[in-house]
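Predicted model and sequence follow; I will ask about them next.
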Amino acid sequence: MQNIIKDGAVLTADAWQLVRPDAEGQLSVPDEGDVIVPLAAWLAEPERWAARDGRVAVWLASDDEPAELADSLSRLELVAVDFPAFTDGRGYSIGRLLRERYGYRGELRAVGDVWQDHLHYLWQVGFDAFEIKDGKAVESALAALATFSERYQATFREPQPLFKRRST
């Protein structure tokens, strides 16, 4: 069962299938349905994905360059960013770049080792969907979105810092 939070609610059904390479680096992509493929696969075979029956989205690894996806963003309704370890914060920068530099407005989903401790901060940089790691309580993770009522710094969600919001 997937533990997905999107737009502040727990999803009861999600059609997207995240496709990861196997131990030998090979992709096993289902013939039907909506899939999220790695950036390298998207870039290597654009004709394959354009001709495929079903929706196709892309996921970026923490060491992928989001600029490589910039020209395709208008065609993608979902982009996922992989967090391979709880301590790996590179995905935060990728999310913020996708939203602010490249203007991506579709669903931005955090996948991988995502815990409730991440959610508030991921939301601040532009993520709007989160696949919570198996074994973690999705209901308590949802509550983490409301952990803080005020933020000091400027973020994607709140473009002005607190001192400017208070003076107006």
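Right, received. Where do you want to start? Residues are numbered from 1 along each chain as shown.

contacts, neighbours, all on C-alpha from now
Fine.

Quick check: Asp7 vs Tyr92, distance?
Noted for Asp7: a distance of 18 Å to Tyr92, by Cα to Cα, to the nearest Å.

Looking at the two, which is more packed in?
With neighbours defined as other Cα atoms under 10 Å, Asp7 and Tyr92 compare such that Tyr92 has more, 21 against 12.

Help me confirm that the more buried one comes into contact with Trp123.
No - counting by Cα atoms under 8 Å, Tyr92 does not reach Trp123; the two are 9.5 Å apart.

Give the next helix or strand downstream of whichever helix in the chain runs longest.
Longest helix in the chain, counting residues (DSSP state H): helix 116-124. Proceeding N to C from helix 116-124, the next assigned helix or strand is strand 129-131, under DSSP states H and E.

partners of that following strand in the sheet?
Strand pairing for strand 129-131, using DSSP bridges, gives strand 4-6 (antiparallel), strand 107-112 (parallel).

For that strand, buried residues please.
By neighbour count, with 16 or more other Cα atoms under 10 Å as the criterion, the buried positions of strand 129-131 are 129-131.

Noted, bye for now.
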